[in-house]
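K.L.:
Compute the structure for the input listed below.
(4 chains)
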Number of protein chains: 2
Amino acid sequence: MSSKNSNTRIKILEVTLQVLEEHRGHGVRMADIAKRAGISRQAVYLHFASRTELFIATTKFLDERLDLERRLALSREASLSSDRLALYVEFWGNYIPEVYGVAKALLLVLDTDDAAAAAWKDRMAAMRDGCRVAVGLLYSDGVLAPEWTLDSATDILWTMLSVPNWENLTIECGWSNQQYIDRMKVIAEKTLLKN
Amino acid sequence: MSSKNSNTRIKILEVTLQVLEEHRGHGVRMADIAKRAGISRQAVYLHFASRTELFIATTKFLDERLDLERRLALSREASLSSDRLALYVEFWGNYIPEVYGVAKALLLVLDTDDAAAAAWKDRMAAMRDGCRVAVGLLYSDGVLAPEWTLDSATDILWTMLSVPNWENLTIECGWSNQQYIDRMKVIAEKTLLKN
DNA sequence: AGATATGCTTTACACCATGTCAAGTAAAAA
DNA sequence: TTTTTACTTGACATGGTGTAAAGCATATCT
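P.N.:
Below you'll find the model as predicted:
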């Protein structure tokens, strides 16, 4: 099964990544990707069953390239629960801009494509788990503000750190990514911690 | 120009409102609206130049019906700045679910339709003004937390109160609308106020 | 009554991107 | 030399938006 990692397949993924970055996920057609990869539009379909599948494969491809697991592990090293929260916010704050193009492409077809919706939901569930663990640590350290349950605190942290919020604050409001990270840390702490 | 308020035109707007509500803005076609209104698809185009224009007109139609201005005025009556903040959060918390269907319909075409993007931007600018005023009052009362500027505080309040966040917390996370309102008040106060 | 304007219907079609199908080609592998 | 693999080419179905043109009632004006 060299088809799994054929040259053309990888070329398509690389090109898709580039084009999605360049256009921030907007208006990228199969024909564009094919042309850029120097192959026919139909050849793309020989490797990926649909546009959505291509995008989903591209996110996985990017995850490997960015070494997602290694980076997540860093945030897990914090022993103090409030540090863990801050590190998790920082991890996502640095991660989102790197995956924004392809994430946006998925977001844009969410409402018309069930496969995309499922893939996104999956991804967001993983992200939510990270939130839940961070919140859980706050709770067992006795520093979670009493008005929050584990669930509701997870909900709000997860929502605050969403891609659309990052998009709004940086792209729309003009915050630098460092500002985003710093301020989100403050908000997360003010919202979730006692006092 | 009775065309401005012709019976058919109003009928179309009413039907669009209904259908968008029922389907939460998803997958509503011109043909569906026409059928429901008991007219031909082309007749819809005699009153609205495009799908997007119809949706935009529907939001305005709904605003009038909901008497948006009157409701907003209520939140402006608070004299204490922190009350004003809470009332504004409450106003939006009660408003969003009523306009969600048609708002979502606009959101869904934002990225493919410039007219929709402009209309949405306009709407969000108005909402942002409300945030700005609330934040400004906090500042002149001397209770705005020192880490915020007027702009950045407006940005974050505006972002927190966004429709997608409401969507995520209520529809996805299962919060009741009252929970949404109560918790958002808490978060807004914890985030923006001193102490 | 007769002309005309209004508001809608019906049918047809251009457009645009996705995705499918079938036949052909060139080079590598058997 | 045959067969397989990977790709090309061109045609076409699909689905929804939006346009165009001709027809047909029902009101309105004179």
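K.L.:
Chain A against chain B: which residues are in contact?
P.N.:
When proximity is defined as CB under 8 Å from any CB of the partner chain, chain A approaches chain B at A:26-27, A:108, A:111-112, A:147, A:151-152, A:155-156, A:158-160, A:162, A:164-165, A:168-169, A:173, A:175, A:179, A:183, A:186-187, A:190-191. For glycine as for every other residue, the C-beta is placed from the backbone atoms N, C-alpha and C.
K.L.:
Go again with 7 Å.
P.N.:
Remark: the part of chain A in contact with chain B comprises A:26, A:108, A:111, A:147, A:152, A:155-156, A:159, A:162, A:164-165, A:168-169, A:173, A:183, A:186-187, A:190-191, using CB under 7 Å from any CB of the partner chain.
K.L.:
Averaged over its residues, which helix or strand of chain A has the lowest pLDDT?
P.N.:
Comparing helices and strands within chain A by mean pLDDT, DSSP states H and E singles out helix A:68-75 as the least confident, with a mean of 81.
K.L.:
Packing partners of whichever helix or strand comes after that helix?
P.N.:
With elements assigned by DSSP states H and E, the helix or strand that comes after helix A:68-75 is helix A:81-109. When contacts are defined as 3 or more CB pairs under 7 Å, 6 or more residues apart in numbering or on different chains; DSSP states H and E, helix A:81-109 packs onto helix A:7-23, helix A:51-66, helix A:68-75, helix A:114-140, helix A:163-167, helix A:177-192.
K.L.:
ok, and for helix A:81-109, which residues are buried?
P.N.:
By neighbour count with 16 or more other CB atoms under 10 Å in any protein chain shown, helix A:81-109 contains the buried residues A:81-82, A:84-93, A:95-96, A:99-109.
K.L.:
Repeat that for stretch A:124-132.
P.N.:
Taking 16+ other CB under 10 Å as the basis for neighbour counts, the residues of stretch A:124-132 that come out buried are A:127, A:128, A:130, A:131, A:132.
K.L.:
now do stretch A:71-84
P.N.:
Residues A:75, A:78, A:81, A:82, A:84 are the ones in stretch A:71-84 that count as buried (16+ other CB under 10 Å).
K.L.:
What lies in contact with stretch A:56-75?
P.N.:
With contacts defined as CB atoms under 7 Å, 6 or more residues apart in numbering or on different chains, stretch A:56-75 is touched by A:13, A:16-17, A:20, A:48, A:84, A:87-88, A:91, A:98-99, A:102, A:106, A:119.
K.L.:
what about the residue lying closest to residue A:21 once chain neighbours are set aside, distance to DNA strand C?
P.N.:
The shortest distance from residue A:21 to any non-neighbouring residue, by CB to CB, 6 or more residues apart in numbering or on different chains, is to residue A:101 (4.0 Å). As defined by CB to the nearest atom of the strand, to the nearest Å, residue A:101 lies at a distance of 16 Å from DNA strand C.
K.L.:
what sits against residue A:101?
P.N.:
Counting by CB under 7 Å, 6+ apart, residue A:101 touches A:20, A:21, A:24, A:25.
K.L.:
Distance check, it against residue A:167.
P.N.:
Applying CB to CB, to the nearest Å, one obtains 11 Å for the distance of residue A:101 from residue A:167.
K.L.:
and what of residue A:120?
P.N.:
The span separating residue A:120 from residue A:167 equals 15 Å under the rule CB to CB.
K.L.:
now do residue A:159
P.N.:
14 Å.
K.L.:
out of those two, which sits in the busier spot?
P.N.:
residue A:159 (23 against 20; other CB atoms under 10 Å in any protein chain shown).
K.L.:
thinking again about what came up before, pull out the buried members of the residues of chain A next to chain B.
P.N.:
Using 16+ other CB under 10 Å, the buried members of the residues of chain A next to chain B are A:108, A:111, A:152, A:155-156, A:159, A:162, A:164-165, A:168-169, A:173, A:183, A:186-187, A:190-191.
K.L.:
and residue A:195, that one's in a strand?
P.N.:
No - counting by DSSP: H, G, I helix; E, B strand; the rest coil, residue A:195 is not found in a strand; it is coil.
K.L.:
how many neighbours does it have?
P.N.:
Residues lying near residue A:195 (other CB under 10 Å) number 7.
K.L.:
again with residue A:142
P.N.:
Here the number of neighbours of residue A:142 (other CB under 10 Å) works out to 8.
K.L.:
repeat for residue A:25
P.N.:
Around residue A:25 there are 21 other residues, counting by other CB under 10 Å.
K.L.:
got it, and residue A:21?
P.N.:
For residue A:21, the number of neighbouring residues by other CB under 10 Å comes to 17.
K.L.:
Could you do the one 3 residues further on as well?
P.N.:
Each residue near residue A:24 was counted by other CB under 10 Å, and the total is 18.
K.L.:
got a list of what it touches?
P.N.:
Applying CB under 7 Å, 6+ apart to residue A:24 gives the contacts A:100, A:101, A:104.
K.L.:
Doesn't residue A:26 lie inside a helix?
P.N.:
No - Residue A:26 sits outside any helix when classified using three-state DSSP, being coil.
K.L.:
Assess the claim that it and residue B:112 are in contact.
P.N.:
No - applying CB atoms under 7 Å, one finds residue A:26 not in contact with residue B:112, separated by 8.6 Å.
K.L.:
sorry, back to before: name the nearest of the buried residues of stretch A:71-84 relative to residue B:138.
P.N.:
Each of the buried residues of stretch A:71-84 was scored against residue B:138 by CB to CB, and residue A:82 proved nearest at 26.1 Å.
K.L.:
Distance-wise, check the closest one relative to chain B.
P.N.:
Computed as CB to the nearest CB, to the nearest Å, the residue A:82 to chain B distance reads 15 Å.
K.L.:
so how far is residue A:74 from that residue?
P.N.:
Between residue A:82 and residue A:74 the distance is 16 Å, computed by CB to CB.
K.L.:
got it, and residue A:80?
P.N.:
Here the criterion is CB to CB. By it, residue A:80 lies 15 Å from residue A:74.
K.L.:
give the contact list for the residue nearest the centre of chain A.
P.N.:
When CA atoms, centre = their mean is applied to chain A, the residue found nearest the centroid is residue A:96 (5.3 Å). Neighbour list for residue A:96: A:163, A:166 [criterion: CB under 7 Å, 6+ apart].
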